[in-house]
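>>> sequence plus the predicted model coming up.
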Amino acid sequence: MGRRIRWLGIIMVACLGLVVAQLVNIQLVKAKSLQNSPDNPRVAALRFVNPRGEIVAADGTVLAKSVPTPAATKAATGYPYQYLREYPDGPLYAAITGYDSALYYGQDGIELEYDSYLGPHHAAPQTLSQLLFRQNTPLTTDSVKLTIEPALQQYVWDTLTNSSASPPGANKDGAVVVIQPSTGDILAMVSNPTFDPNALVDPSLQAERVAYYSYIQPDHEGFYPLRPIATREFFPPGSTMKVVTSTAVYNLKPSLAGFNYPVQQCQTFADSNIPLCDLGGPCGGTMLNNMLPASCDPGYAELGVQLGVPVMTKQAELFGYNAVPGIDLPGTIASVFPNLPANSQAYLGQSSIGQYDVRTTALQNAMVAAGVANGGVLMTPHLMSSIRDSQGAEVASYTPKAAALVSDAKTAQQVTALMEAVATSGTAAGVGFPSYLCAAVKTGTAQTTKSNPKNDTWMIGFAPANHPQVAVAVVVPQQDVSSDGAHIAGPIMNRILQYAVPQSSVSEPCTVAPLPDSTFTSLTSGTSGNSGH
């Protein structure tokens with residue numbers, strides 16, 4: 001009997017311990033998340049009578065704020081909230097700020113990511129009483145400061161969409177991402193088509209529904225305003241993938257650095273009866289410095305085969321493929337490097353030049369450029385700079401952190417030299433980058449479906465190559481089949497780099513890095529047809 005009583009006592013003490021542990025978990029560990037949860041009735045009630053915090057740009061420009069709801073509006077629509085959300089430059093920042101639809105559609109973007117700060121919540125306890133009884137702490141909201149630079153954001157938008165700043169006939173649907181390589185700061189991020197978030201926070205539910213329906217309809221090129229191209233659409237990267245392939249050589253399989261590809265127009269593979277040909281004519285040569293500036297498709301396809309599936313897959317994933325980027329922006333999708341059979345040749349060759357099933361977002365391609373620019377250290381891309389409470393005190397701030405070591409510094413320097421040659425004597429030589437920029441770039445042109453042939457046109461790069469200030473990706477998809485990255489994305493890239501890196505900001509003269517091999521010679525007019533790559 002005594003033994004049973006002892007066991008019963010042990011069980012009761014254990015149960016009491018579990019109860020205490022759960023109380024501690026709820027009262028202390030999970031208190032803040034439960035208190036701020038949208039499922040908490042108190043939180044829902046607070047939304048009716050309180051404003052939200054502001055979202056501001058790097059220079060303090062207000063991107064989102066709450067304003068009192070006019071009495072007449074409440075009377076006319078039955079809108080139950082005391083405050084309306086307002087986006088002063090809505091469409092320009094919509095893909096970043098997102099929206100906060102109190103009536104029906106919920107939240108997206110920064111509004112969703114930092115809702116626990118922006119929404120009304122109890123301030124941090126200052127006294128023992130407030131610590132024990134959180135409901136006694138005063139209500140507050142925090143403001144979120146972003147890394148976005150408004151002047152650059154506006155210039156990027158104008159350059160992408162304004163016909164006077166883009167090649168005649170170019171479709172203005174597309175995206176541009178500008179990153180500071182050393183920190184991962186997103187300085188500008190533009191997607192077109194866009195939407196007006198003000199229409200999704202209208203006090204009339206019917207008006208919200210009409211706007212939302214219009215934003216989920218595809219435009220004339222098949223893109224959706226509520227699916228920003230920069231982060232939620234991906235495309236075959238075309239020859240911009242050759243930056244990844246080149247990095248894989250020097251970084252993971254340096255025995256191929258002297259790869260000698262015979263000058264020829266087509267490459268065949270053991271597992272395919274369809275040759276892979278270069279539209280610009282025969283190309284090749286000793287080492288990559290003959291092939292990357294000329295963007296030699298068959299040579300890079302064979303190089304990919306020589307690297308092998310494991311090496312190509314590993315290098316792509318070091319840059320961020322097959323994983324959602326760590327950016328603080330909900331809905332961002334992963335870029336894809338396909339899961340290929342170990343003995344693949346034709347598909348691996350196509351993947352190594354950015355075709356087959358490789359798919360890339362503009363954000364991911366900007367990360368590729370940024371990883372090379374920062375000496376092989378890829379920094380995590382991010383938008384939040386700091387968070388401050390209603391009194392201006394800092395609540396949180398972002399500390400730059402590395403996402404991956406994509407290569408060693410020497411490899412990054414070697415790939416940088418190749419990308420500089422693309423700008424000075426390769427497929428982008430005709431773009432006209434000023435010499436002070438010391439631009440390092442790569443063009444890309446990806447062919448899409450055979451039933452309705454179109455080209456997705458790309459350019460990625462950074463400047464100055466010797467001291468990078470910005471890394472940029474430009475994508476203008478669904479272009480005419482005769483178009484190419486140099487002629488469509490190139491002028492956009494050129495203007496953005498010149499704006500982001502004015503000559504006055506370059507303290508040291510441009511020093512072009514020596515190519516990995518001295519056998520490189522400038523391309524002749526006979527090979528300039530490769531500018532479509």
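Cool, the structure landed.

>>> number of residues surrounding the nearest residue to Thr360 once chain neighbours are set aside?
Closest residue to Thr360 apart from its sequence neighbours, by CB to CB, 6 or more residues apart in numbering: Pro237 at 4.0 Å. For the C-beta atoms, the positions are set from N, CA and C on the backbone; glycine is no exception. Look at Pro237: counted by other CB atoms under 10 Å, it has 32 neighbours.

>>> ok, Pro237 - contacts?
By CB atoms under 8 Å, 6 or more residues apart in numbering, the contact set of Pro237 is Gly354, Val358, Arg359, Thr360, Asn365, Gly444, Ala446, Trp458.

>>> what of Leu383?
Taking CB under 8 Å, 6+ apart as the test, what Leu383 contacts is Ile96, Ile110, Leu146, Thr147, Ile148, Ile186, Ile327, Asp328, Leu329.

>>> helix or strand: which one has the most centrally placed residue in the chain?
The centroid of the chain falls nearest to Leu363 when counting by CA atoms, centre = their mean (2.2 Å). Assigned by DSSP states H and E, Leu363 falls within helix 362-373.

>>> which other helices and strands contact that helix?
strand 174-179, helix 229-232, helix 242-252, helix 309-319, strand 377-379, helix 409-425, strand 455-463, strand 470-479 (3 or more CB pairs under 8 Å, 6 or more residues apart in numbering; DSSP states H and E).

>>> got the angle for that helix vs strand 455-463?
Interaxial angle of helix 362-373 relative to strand 455-463 (axes from the mean of the first three to the mean of the last three CA atoms, to 10 degrees): 40 degrees.

>>> show the average pLDDT along helix 362-373.
Across helix 362-373, pLDDT averages out at 98.

>>> next: stretch 320-333.
Here the average pLDDT along stretch 320-333 is 98.

>>> could I get the CA-only coordinates of the helix holding Leu363 as CSV?
The C-alpha coordinates for helix 362-373 follow below in CSV (Å, rounded to 0.1, in the frame of the first residue of the first chain):
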residue,chain,number,x,y,z
ALA,A,362,15.1,38.9,-60.2
LEU,A,363,16.0,38.9,-56.5
GLN,A,364,17.9,35.6,-56.9
ASN,A,365,19.9,36.9,-59.9
ALA,A,366,20.7,40.1,-58.0
MET,A,367,22.0,37.8,-55.2
VAL,A,368,24.3,36.1,-57.7
ALA,A,369,25.8,39.4,-58.7
ALA,A,370,26.1,40.5,-55.1
GLY,A,371,27.8,37.3,-54.0
VAL,A,372,30.5,37.8,-56.6
ALA,A,373,30.8,41.5,-55.9
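
>>> so what's the gap between that helix and the chain middle?
8 Å (CA atoms, centre = their mean, to the nearest Å).

>>> which residues touch the residue nearest to the centre of the chain?
Contacts of Leu363 (CB under 8 Å, 6+ apart): Val177, Met189, Ala230, Thr231, Pro325, Ile327, Thr332, Pro381, Ala473.

>>> quick one, longest helix in this structure?
helix 2-24 (DSSP state H).

>>> which strands or helices does that one pack on?
Against helix 2-24 (3+ CB pairs under 8 Å, 6+ apart) you get no helix or strand.

>>> for that helix, give the mean pLDDT please.
75.

>>> quick one: contacts of that helix?
With CB under 8 Å, 6+ apart, helix 2-24 has no contacts at all.

>>> quick one: residues contacting His357.
Not His; residue 357 is Asp. Val336, Pro338, Tyr347, Ser351.

>>> Cys277: what's its closest spatial neighbour, skipping adjacent residues?
That would be Cys266: by CB to CB, 6+ apart, it lies 4.1 Å from Cys277.

>>> what residues are up against that neighbour?
Here Cys266 is in contact with Pro275, Leu276, Cys277, Asp278, Pro298 (criterion: CB under 8 Å, 6+ apart).

>>> list just the nearest of the residues you listed to Asp158.
Asp278 (35.4 Å; CB to CB).

>>> in the helix or strand that contains Ser214, what's buried?
Applying DSSP H and E as the criterion places Ser214 in helix 205-215. Using 16 or more other CB atoms under 10 Å as the test for burial, helix 205-215 gives Glu208, Ala211, Tyr212, Tyr215.

>>> what's the burial count for Ala71?
8.

>>> what of Ala248?
For Ala248, using other CB under 10 Å, the count is 27.

>>> these two touch, right, it and Leu307?
Yes - with contact defined as CB atoms under 8 Å, Ala248 counts as touching Leu307 (5.4 Å).

>>> ranges for the strands of the stretch 201-350 of the chain?
All strands of the stretch 201-350 of the chain, identified by DSSP state E, counting those that start in this stretch, fall at 260-264, 266-269, 272-277, 283-286.

>>> so can I have a markdown table of the ones you listed showing mean pLDDT?
As requested, the strands of the stretch 201-350 of the chain are exported to a markdown table (pLDDT from 0 to 100):
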| stretch | mean pLDDT |
| --- | --- |
| strand 260-264 | 90 |
| strand 266-269 | 93 |
| strand 272-277 | 91 |
| strand 283-286 | 80 |
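
>>> could I get those strands as JSON lines with distance to Val506?
Output for those, formatted as JSON lines (distance: least, CB to CB, whole Å):
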{"stretch": "strand 260-264", "distance to Val506": "36"}
{"stretch": "strand 266-269", "distance to Val506": "41"}
{"stretch": "strand 272-277", "distance to Val506": "40"}
{"stretch": "strand 283-286", "distance to Val506": "32"}
